[in-house]
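Chemist: Dropping the sequence and predicted coords here.
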Amino acid sequence: MDIDHSSMQGNGRAIHTEGGEFGRTAGRLHAQMEPLLPYFGNPESDEAAQIFRRGKDGHPGFDGAYEDMSTALRNLRESYEVIGAAVVAMSKNVRGAEWASMADKNGVLKDLLEFARREDDEVGVPTTPVERDR
């Protein structure tokens with residue numbers, strides 16, 4: 001399988017970043033909308049505002065839709081961030097699997113790994129004296 005890991009990791013980081021940018025944009029829009037809510041009427045004292053804001057006869061009102069939209073925007077932002085992180089992790093996992101697969105097929109690497117796994121065996125150390133040039 002040919003995978004361009006640097007591209008995959010770069011794209012994963014970009015997706016994650018876009019989630020953050022999306023979240024900031026949605027946050028600014030939310031902050032601009034919040035001060036307007038009182039102008040939609042007081043549902044405690046105005047029947048028309050109560051119907052508009054809370055709904056009637058099983059029909060949702062503005063407040064419920066606004067809350068649902070806020071939740072959906074937050075979930076979308078979080079999804080971008082999680083998907084971006086998952087793409088980066090997937091690239092790292094595939095790279096690790098490719099290396100492990102290559103190590104099993106390459107005799108020199110296999111021997112090197114076996115050598116690295118050895119425990120408490122004698123390793124030859126040179127005993128010839130060495131003189132430094134002055």
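Modeler: Sure thing, it's come through. Numbers count the residues shown, from 1 in each chain.
Chemist: quick check, distance from the helix or strand encompassing residue 25 to the centre of its chain.
Modeler: Using DSSP states H and E, residue 25 falls within helix 5-33. Distance of helix 5-33 from the chain centroid (C-alpha atoms, centre = their mean, to the nearest Å) equals 10 Å.
Chemist: Show me what that helix is packed up against.
Modeler: helix 62-105 (3 or more C-beta pairs under 8 Å, 6 or more residues apart in numbering; DSSP states H and E). Placement of C-beta: from N, CA and C, glycine included.
Chemist: any idea of the angle the helix it packs on forms with helix 5-33?
Modeler: On the basis of axes from the mean of the first three to the mean of the last three C-alpha atoms, to 10 degrees, helix 62-105 is oriented at 170 degrees to helix 5-33.
Chemist: so after helix 62-105, what's the next helix or strand?
Modeler: Criterion used, DSSP H and E; the element after helix 62-105 is helix 107-116.
Chemist: Report the mean per-residue pLDDT for that next one.
Modeler: Mean pLDDT, helix 107-116: 74.
Chemist: secondary structure class for residue 121?
Modeler: coil (DSSP: H, G, I helix; E, B strand; the rest coil).
Chemist: what's the burial count for it?
Modeler: Per other C-beta atoms under 10 Å, the neighbour tally for residue 121 reads 6.
Chemist: now the angle from the worst-scoring helix or strand of the chain on mean pLDDT to helix 62-105?
Modeler: One helix or strand of the chain scores below all others by mean pLDDT, DSSP states H and E: helix 107-116, with a mean of 74. In terms of direction (the same axes, to 10 degrees), helix 107-116 departs from helix 62-105 by 100 degrees.
Chemist: Quick one: list the elements packing against helix 107-116.
Modeler: Short answer (3+ C-beta pairs under 8 Å, 6+ apart): helix 107-116 packs on helix 62-105.
Chemist: So which other helices or strands are in contact with the helix it packs on?
Modeler: Short answer (3+ C-beta pairs under 8 Å, 6+ apart): helix 62-105 packs on helix 5-33, helix 47-54, helix 107-116.
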